[in-house]
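Trainee: Next one to model:
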Amino acid sequence: MNRRHLIQTGLAALGAGTTGCAAPTAPSASRYEMPLESAPHVRTLMQWPVSVDVYGARDLAAVQADIVAIANAISEYEPVAMMAAPGARGLDRARFSTAVEFWDIPTDDLWCRDSGPTFVKDADGGLAVAHIRFNGWGNKQRHRKDGRIAARVAERLNLPLIDSGVIGEQGGLEHDGAGTMMAHASCWVNDNRNPGLTEDEIAERLGVAIGATKMIWAPGVKDADITDYHIDSLARFTGPGRVLIQIDDEMDPEDPWSVAAHETLGILQQATDARGRPLEIARLPEPIDIRGTGDDFVSSYVNYYVCNGAVIAPQFGDRRADAEAREILASLYPGREVVQLNIDALGASGGGIHCATQQQPA
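Mentor: All right, here's what the predicted structure looks like:
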């Protein structure tokens, strides 16, 4: 089962589940800010996938193997907390590094970037969780357990849980740590998440929640994948006002993803950051000769994760592009080791390493 096309397979008819929470309301002014991902971490949070309905038994085992590999790679540089119910399907603690701990928080799926907590920090270093409510990418997938993860983490860590006033996923939002956000409107200004809210209202609420003052919107693509085109598989902030994008040299007018990507690039080239400065834009290559098969395989180098001392990134079997991506990431994150992993099962499922991880800032 390819998660990217869940909305076309009818799996949503199995039932999405609910978070058990009332509709979000507009937040009041916040004293918190979301640090850049490359700032120091206490740990990385991850989720253990258990859904046979989504993956099937064989593909679930392959996806779980990728999650083990990612957790073990990160644990060489910082602690990892794996959220899973005791006795969860396929969970064998002996496969994990001793630097991986296990939290008794039940999960449905692995996408911690989306259903996990968005950590924010005040001027004194105090942490809170900005609650961007998760509803299964617009009620396309069951999320009875995943919809409660952010609140359960906040409770476990005794942190304030602050309602953001929006429904969505952190994978659909990028922040440069200095007041600038970027996102595809397709996964926020959408009746399956935030009915009745305008672009400006959503941008204001997100800005209050994570301490940002400016949003750069690009249209994105609605209804073509389960996420409605998350920005973190196309473009990322690497620092204040600095963007890294993976894009082909020429737009393919027959490919809606290529058209949308080039539209996003054009908007970024004309945009300024929260301080009024033009964005600095770097590019990653598109891999061509890859192991993954199928039109929906997500071969995104930009869906990497920055942890203490390392960048955990994918490789797809295209030696030239893999090496070029490694070199570019090393130049953008000096002093960090670039660790490339084969995560083809995640690529076939419509995501990557960044999607599967969530940082807890120091």
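
Trainee: What pLDDT is listed against residue 6?
Mentor: The model reports residue 6 with a pLDDT of 52.

Trainee: again, but for residue 312
Mentor: 99.

Trainee: What count of nearby residues applies to the closest residue to it other than its chain neighbours?
Mentor: Computed as CB to CB, 6 or more residues apart in numbering, the closest residue to residue 312 that is not its neighbour in sequence is residue 305, at 4.7 Å. Bear in mind the C-beta positions are built from the backbone N, C-alpha and C, glycine included. Around residue 305 there are 24 other residues, counting by other CB atoms under 10 Å.

Trainee: How about residues contacting stretch 55-65?
Mentor: Applying CB atoms under 8 Å, 6 or more residues apart in numbering, the set of residues contacting stretch 55-65 from outside is 1, 3, 48-52, 54, 89-90, 110, 345-346, 348-349.

Trainee: So how do I select the buried members of those residues in PyMOL?
Mentor: Selecting the buried subset of these in PyMOL, with 16 or more other CB atoms under 10 Å as the burial test, is done by:
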select buried, resi 1+3+48+49+50+51+54+90+110+345+346+348+349
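
Trainee: Select, from the contacts of stretch 55-65, the two members most distant in space.
Mentor: Spatial extent of the contacts of stretch 55-65 (CB to CB) is set by the pair 89 and 348 at 19.3 Å.

Trainee: Okay, the residue nearest to residue 312 and residue 354: tell me how far apart.
Mentor: According to CB to CB, to the nearest Å, residue 305 and residue 354 sit 5 Å apart.

Trainee: And the strands in the stretch 101-250 of the chain?
Mentor: For the stretch 101-250 of the chain, applying DSSP state E, counting those that start in this stretch gives strands covering 118-121, 127-133, 161-167, 174-175, 180-184, 214-218, 235-239, 242-246.

Trainee: angle of the fifth one against strand 235-239?
Mentor: Angle between the axes of strand 180-184 and strand 235-239 is 170 degrees (criterion: axes from the mean of the first three to the mean of the last three CA atoms, to 10 degrees).

Trainee: who does strand 180-184 touch, helix- and strand-wise?
Mentor: Contacts defined by 3 or more CB pairs under 8 Å, 6 or more residues apart in numbering; DSSP states H and E place strand 180-184 against strand 174-175, helix 199-210, strand 214-218, strand 235-239, helix 256-270.

Trainee: Convert the C-alpha atoms of that strand to CSV, please.
Mentor: The C-alpha coordinates for strand 180-184 follow below in CSV (Å, rounded to 0.1, in the frame of the first residue of the first chain):
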residue,chain,number,x,y,z
THR,A,180,10.1,33.5,8.8
MET,A,181,7.8,30.7,7.8
MET,A,182,7.1,29.0,4.5
ALA,A,183,4.3,26.6,3.6
HIS,A,184,2.1,25.2,0.8
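
Trainee: what about the stretch 101-250 of the chain, any weak spots by pLDDT?
Mentor: The stretch 101-250 of the chain contains no residues with pLDDT under 70.

Trainee: how about the helices and strands packed on strand 180-184 in JSON lines, adding mean neighbour count and distance to residue 67?
Mentor: JSON lines is the format used below for those (neighbours: other CB atoms under 10 Å; distance: least, CB to CB, whole Å):
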{"stretch": "strand 174-175", "mean neighbour count": "22", "distance to residue 67": "23"}
{"stretch": "helix 199-210", "mean neighbour count": "20", "distance to residue 67": "26"}
{"stretch": "strand 214-218", "mean neighbour count": "21", "distance to residue 67": "30"}
{"stretch": "strand 235-239", "mean neighbour count": "21", "distance to residue 67": "21"}
{"stretch": "helix 256-270", "mean neighbour count": "16", "distance to residue 67": "26"}
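
Trainee: Let me know which of these is the nearest to residue 309.
Mentor: Comparing the helices and strands packed on strand 180-184 by CB to CB, strand 235-239 comes nearest, at 16.3 Å.

Trainee: What are the phi and psi values at residue 43?
Mentor: Main-chain dihedrals, residue 43, degrees, to the nearest 10: phi -160, psi 170.

Trainee: That one contacts residue 83, correct?
Mentor: No: using CB atoms under 8 Å, residue 43 makes no contact with residue 83, being 11.6 Å away.

Trainee: So for these two, which residue has more residues nearby?
Mentor: Neighbours per residue, other CB under 10 Å: of residue 43 and residue 83, the larger number sits with residue 83, 26 against 21.
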